[in-house]
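**Student:** Provided below for reference: sequence and predicted model.
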Amino acid sequence: MSKIDFKQFIKYSKPGPRYTSYPTAVEFSEAFTYDDYLSRLKNRDPKKPLSLYVHLPFCRSACYFCGCNVVFTSKEEKKSRYLDYLRREVAMLAEAMDTSSEVVQFHFGGGTPTFYGAEQLDTIMTFIKEAFPRFAKDAEVSCEIDPRFFDEAQMKVLQKHGFNRISFGVQDFDEKVQQAVHRIQPYEITKAAVELARRYGIESVNIDLIYGLPYQTLESFKKTLELAHSLDPDRLAVFNYAHVPWLKKTMRKLDETTIPSPDVKLAILQHTIDYFTQNGYRMIGMDHFAKPDDELFKAIDKGELHRNFQGYTTRGGVDLIGIGLTSIGEGEDYYAQNFKELPAYEAAIDGGRLPFWRGVALSEDDRIRKAVIMDLMSNFHLDIPRIEKRFGIDFFDYFADSLEALKPMEEEGLVTISPEGIEVSETGTLVIRNIAMPFDAYMQKHAGSQKTFSKTV
């Protein structure tokens with residue numbers, strides 16, 4: 001990749017969504033009701049495949065950079081109590097919907113899923129498979145793992161239940177950075193965890209890194225990249241740290257004066273892209289890398305890569321069911337989110353109701369814009385005739401304002417617009433969130449706010 005003109009890019013460092021959904025979660029509300037959600041579950045087409053996301057929210061202690069929905073505890077009874085409620089939620093889902101659909105994707109997220117012991121993980125998978133019995137033979141079954149909480153007994157359970165993808169949280173190997181973010185994790189611990197997964201036949205190992213953390217420099221992150229590469233992961237996710245202390249109290253513990261400036265972050269990102277592409281990986285979307293034989297590339301070549309709350313996936317055309325605290329589900333024309341707080345989550349289930357909190361029903365305009373934004377975010381390309389045919393619109397008329405807003409980026413060579421489509425340049429991929437934002441009908445509402453989204457660069 002050619003060198004970046006940093007002055008050109010710094011102006012793009014402004015608040016903007018990550019577009020794991022459209023409309024984004026800030027548009028979710030209680031106007032989308034419990035009955036709305038139940039009717040979506042009841043009336044869904046059972047021939048449509050399912051993706052299941054199960055949230056296990058507990059962590060022993062706080063990592064100060066973390067933006068996930070987490071409950072800190074060292075009490076075993078709190079974790080056991082949650083499993084009981086999770087079992088009851090799954091049983092209610094089995095009553096509310098036809099669970100004979102094929103499950104093509106399953107994901108444990110957290111928190112720290114492996115904060116639960118082997119026996120508990122086995123229990124969870126057993127009652128989920130009793131309720132959703134048709135796991136596809138080639139289902140993608142994945143788990144997020146903190147290498148500090150991972151042993152062979154747990155790995156045996158994951159193998160027993162068909163797990164084939166594991167994502168290890170690393171963030172940074174530098175000791176000074178680890179101390180600043182309150183996550184001490186020596187390289188040797190991560191190396192042992194990766195080797196354990198490989199011994200049990202896990203063929204897809206992902207490593208998560210974050211740039212933009214306190215005390216990171218280009219030189220220190222180069223060493224982290226080399227250590228990560230030495231573990232020979234199949235995929236890497238290299239995320240831009242989202243500093244949102246008004247939303248996440250633990251982030252207030254970070255010294256903001258030690259956080260790298262946007263130009264340093266862009267230098268880190270440029271080096272990361274150069275380093276992995278020179279070492280046999282290809283870039284996917286805005287923050288993922290994978291080996292060239294990965295199924296994600298076949299999806300890109302067909303324009304069929306998709307984006308959801310778990311990142312990039314080849315499994316499109318599925319209904320996502322969110323299970324557990326704060327989980328989000330997604331159907332063709334809605335999003336639905338469970339309660340974020342344990343007392344409300346438990347009270348709903350005790351009252352014989354699914355722990356649904358809020359959501360949004362997608363209008364036709366939402367669905368059109370979602371298709372455009374997700375295509376750009378995933379494939380860095382938009383097939384305009386395909387959008388016109390699918391939705392019966394004249395693209396250039398419908399999106400006249402959006403295309404006008406894109407003109408400065410077109411003049412700077414970040415995008416090329418033609419009757420056939422929108423192509424994002426190699427350099428434009430670094431600011432893909434900014435390129436997607438003109439198509440977001442809700443952005444005007446948040447334009448004056450610095451405290452709705454994280455910065456894009």
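**Tutor:** On my side now, so go ahead.

**Student:** in a strand, that's where Glu140 is, yeah?
**Tutor:** Yes. Counting by DSSP: H, G, I helix; E, B strand; the rest coil, Glu140 is located in a strand.

**Student:** So what's the residue count around the closest residue to it other than its chain neighbours?
**Tutor:** Once flanking residues are discounted, Glu140 sits nearest to Gln105: 4.8 Å by Cβ to Cβ, 6 or more residues apart in numbering. Placement of C-beta: from N, CA and C, glycine included. Other residues lying near Gln105 total 23 when counted by other Cβ atoms under 10 Å.

**Student:** before we move on, could you check phi and psi at the residue lying closest to Arg315 once chain neighbours are set aside?
**Tutor:** Nearest residue to Arg315, sequence neighbours excluded (Cβ to Cβ, 6+ apart): Gln105, at 4.8 Å. The phi/psi pair for Gln105 (degrees, to the nearest 10) reads phi -150, psi 140.

**Student:** Distance of the residue of the chain most remote from its centre relative to Leu414?
**Tutor:** Of all residues in the chain, Asp397 has its C-alpha farthest from the mean position, at 32.5 Å, by Cα atoms, centre = their mean. When distance is defined by Cβ to Cβ, to the nearest Å, Asp397 is 23 Å away from Leu414.

**Student:** one step back: how much space is there between the residue nearest to Glu140 and Asp366?
**Tutor:** 23 Å.

**Student:** what are the phi and psi angles of His306?
**Tutor:** Torsion angles, degrees, to the nearest 10, at His306: phi -120, psi 160.

**Student:** sorry, back to before: tell me the secondary structure at the residue farthest from the centre of the chain.
**Tutor:** Once three-state DSSP is applied, Asp397 turns out helix.

**Student:** got it, and Tyr53?
**Tutor:** Recorded secondary structure, Tyr53: strand (three-state DSSP).

**Student:** List the contacts of it.
**Tutor:** Residues near Tyr53 by Cβ atoms under 8 Å, 6 or more residues apart in numbering: Phe106, His107, Gly109, Phe309, Gln310, Leu320, Ile321, Gly322, Ile323, Ser327, Ile328, Gly329.

**Student:** same thing but 7 Å
**Tutor:** His107, Gly109, Gln310, Leu320, Gly322, Ile323, Ser327 (Cβ atoms under 7 Å, 6 or more residues apart in numbering).

**Student:** Would you mind checking which of these is nearest to Ile202?
**Tutor:** His107 (14.6 Å; Cβ to Cβ).

**Student:** Where does the closest one fall, secondary structure wise?
**Tutor:** Here His107 sits within strand 103-110, counting by DSSP states H and E.

**Student:** quick one: low-confidence parts of the stretch 351-457 of the chain?
**Tutor:** 445-457 (pLDDT under 70).

**Student:** Show me the strands in it, by range?
**Tutor:** Secondary structure of the stretch 351-457 of the chain by DSSP state E, counting those that start in this stretch: the strands cover 356-361, 381-383, 415-418, 421-424.

**Student:** Quick check: the residue nearest to Arg315 touching Ala139?
**Tutor:** Yes. Contact status for Gln105 versus Ala139: in contact at 6.4 Å, counting by Cβ atoms under 7 Å.

**Student:** could you point out the longest helix in this protein?
**Tutor:** Assignment by DSSP state H gives helix 76-96 as the longest helix of the chain.

**Student:** packing partners for that helix?
**Tutor:** helix 34-43, helix 118-131, strand 319-323, helix 342-350 (3 or more Cβ pairs under 7 Å, 6 or more residues apart in numbering; DSSP states H and E).

**Student:** so which of those comes closest to Val71?
**Tutor:** Closest among these, once you apply Cβ to Cβ, is helix 342-350, at 6.5 Å.

**Student:** how about that closest one as PDB, C-alpha atoms only?
**Tutor:** Coordinates of the C-alpha atoms in helix 342-350 are reproduced here as PDB (Å, rounded to 0.1, in the frame of the first residue of the first chain):
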ATOM      1  CA  LEU A 342     -29.000  -8.900  35.600                       C
ATOM      2  CA  PRO A 343     -32.000  -7.900  37.900                       C
ATOM      3  CA  ALA A 344     -34.200  -7.000  34.900                       C
ATOM      4  CA  TYR A 345     -33.000 -10.100  32.900                       C
ATOM      5  CA  GLU A 346     -33.900 -12.300  35.900                       C
ATOM      6  CA  ALA A 347     -37.200 -10.600  36.700                       C
ATOM      7  CA  ALA A 348     -38.400 -11.100  33.100                       C
ATOM      8  CA  ILE A 349     -37.700 -14.800  33.200                       C
ATOM      9  CA  ASP A 350     -39.200 -15.200  36.700                       C
END
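
**Student:** The helix or strand hosting Val170 versus strand 103-110: what angle between them?
**Tutor:** Using DSSP H and E, Val170 sits in strand 165-171. Put simply, strand 165-171 runs at 30 degrees to strand 103-110, going by axes from the mean of the first three to the mean of the last three Cα atoms, to 10 degrees.

**Student:** Near Arg433, how many other residues are there?
**Tutor:** Using other Cβ under 10 Å: Arg433 sits among 25 other residues.

**Student:** Does it touch Lys14 like I think?
**Tutor:** No. Arg433 is not in contact with Lys14 according to Cβ under 7 Å; the separation is 9.6 Å.

**Student:** quick one: Val264 from Pro214, how far?
**Tutor:** Noted for Val264: a distance of 12 Å to Pro214, by Cβ to Cβ.

**Student:** ah, wrong one, I meant Glu140
**Tutor:** Counting by Cβ to Cβ, the gap between Glu140 and Pro214 amounts to 34 Å.

**Student:** Please apply the same query to His182.
**Tutor:** 11 Å.

**Student:** So which of those two has more stuff around it?
**Tutor:** Shown here are His182 and Pro214; by other Cβ under 10 Å, Pro214 has more neighbours (21 against 15).
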